[in-house]
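[1] Quick one: sequence and predicted model below, then my questions.
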Amino acid sequence: MLQKYRKLIIALAVIFAIPVLVLLCCDITVKEASETEEETVIETVDPLDENALELFDTGKGLTIKMSSDMKEEKAGDFSVYYFAEGLMVSVKKVPFEELKEAGTLDAHSSIEDYVKMVEDANENITFTTDSYGYLSTTYEATDDKVDMIYYATVRKGSDAFWMINCSGLLEEKEVRIPQFELWGSTIEVQ
């Protein structure tokens, strides 16, 4: 039976694996402070201040509020990809038609059905409800000696399911997970 869904399982696995690869392939660097560098004073913004967030409209049926320093870039087969130093957000739109052709889900499937399919295809992923009431999962990955924390959430639109994956440095986990949940709470899909 898994053979029948092979392409879909691979596609779902790619959703979770590519962000680490994209971080390494894009012009994104994680800087380490050295003792010889001059200290730069940077005005910081509270990452949990919703009033400090900027609305990003993908033009593809999804809006999200995030830090204003996020920049859009074309990356892999993501529908939309944003990054800033040490942060990234990848969005994958999975049309109902593709799911129907794969023989799995369709427009009548619930978001819980989609989450179950993602969990089945990724044995180490378990979705729960985040602090805003949305289905999400968090996981850690290390690639090229960079430890990352990931937050993924899903939405159901009028013609597709949306997988939104946010990531940041693992050492900033205590700030990033609440920040990503806040960003996730602002997502609207058509």
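    Looks like it came in fine. Residues are numbered from 1 along each chain as shown.
[2] Please identify the buried residues of the helix or strand where Lys100 lies?
    Using DSSP states H and E, Lys100 maps to helix 96-101. Neighbour counts over helix 96-101 (16 or more other C-beta atoms under 10 Å) mark 96, 98-99 as buried. For glycine as for every other residue, the C-beta is placed from the backbone atoms N, C-alpha and C.
[3] which among those residues gets closest to Tyr82?
    Distance to Tyr82, by C-beta to C-beta, is smallest for Glu98 among the buried residues of helix 96-101, at 23.2 Å.
[4] Past the lowest-mean-pLDDT helix or strand in the chain, which element shows up next along the chain?
    One helix or strand of the chain scores below all others by mean pLDDT, DSSP states H and E: helix 6-25, with a mean of 46. Following helix 6-25 in sequence order, the next helix or strand is strand 54-57 (DSSP H and E).
[5] Alpha carbons of that next one, in PDB - could you do that?
    Extracted C-alpha coordinates of strand 54-57, given in PDB (Å, rounded to 0.1, in the frame of the first residue of the first chain):
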ATOM      1  CA  GLU A  54       4.600  43.200   9.300                       C
ATOM      2  CA  LEU A  55       2.000  41.600   7.100                       C
ATOM      3  CA  PHE A  56       3.400  39.600   4.200                       C
ATOM      4  CA  ASP A  57       1.000  38.700   1.400                       C
END
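[6] Walk me through which strands the next helix or strand after that strand pairs with, and which way each runs.
    Following strand 54-57 in sequence order, the next helix or strand is strand 62-66 (DSSP H and E). Here strand 62-66 is paired, per DSSP bridges, with strand 54-57 (antiparallel), strand 188-189 (antiparallel).
[7] okay, stretch 182-190 in CSV with CA atoms only?
    Extracted in CSV, the C-alpha atoms of stretch 182-190 (Å, rounded to 0.1, in the frame of the first residue of the first chain):
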residue,chain,number,x,y,z
LEU,A,182,2.6,33.9,17.2
TRP,A,183,3.5,34.1,13.5
GLY,A,184,1.4,31.0,12.9
SER,A,185,-1.6,32.5,14.7
THR,A,186,-1.6,35.3,12.1
ILE,A,187,-1.8,33.0,9.0
GLU,A,188,-4.8,33.4,6.8
VAL,A,189,-5.4,31.3,3.7
GLN,A,190,-7.9,31.5,0.9
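[8] Run through who's touching it.
    For stretch 182-190, the external contacting residues (C-beta atoms under 8 Å, 6 or more residues apart in numbering) are 47-48, 50, 53, 55, 61-66, 89, 130, 132, 134, 136, 151, 153, 155-158, 162, 164, 166.
[9] pretty sure Trp162 is in a strand, no?
    Yes: the assignment for Trp162 by DSSP: H, G, I helix; E, B strand; the rest coil puts it in a strand.
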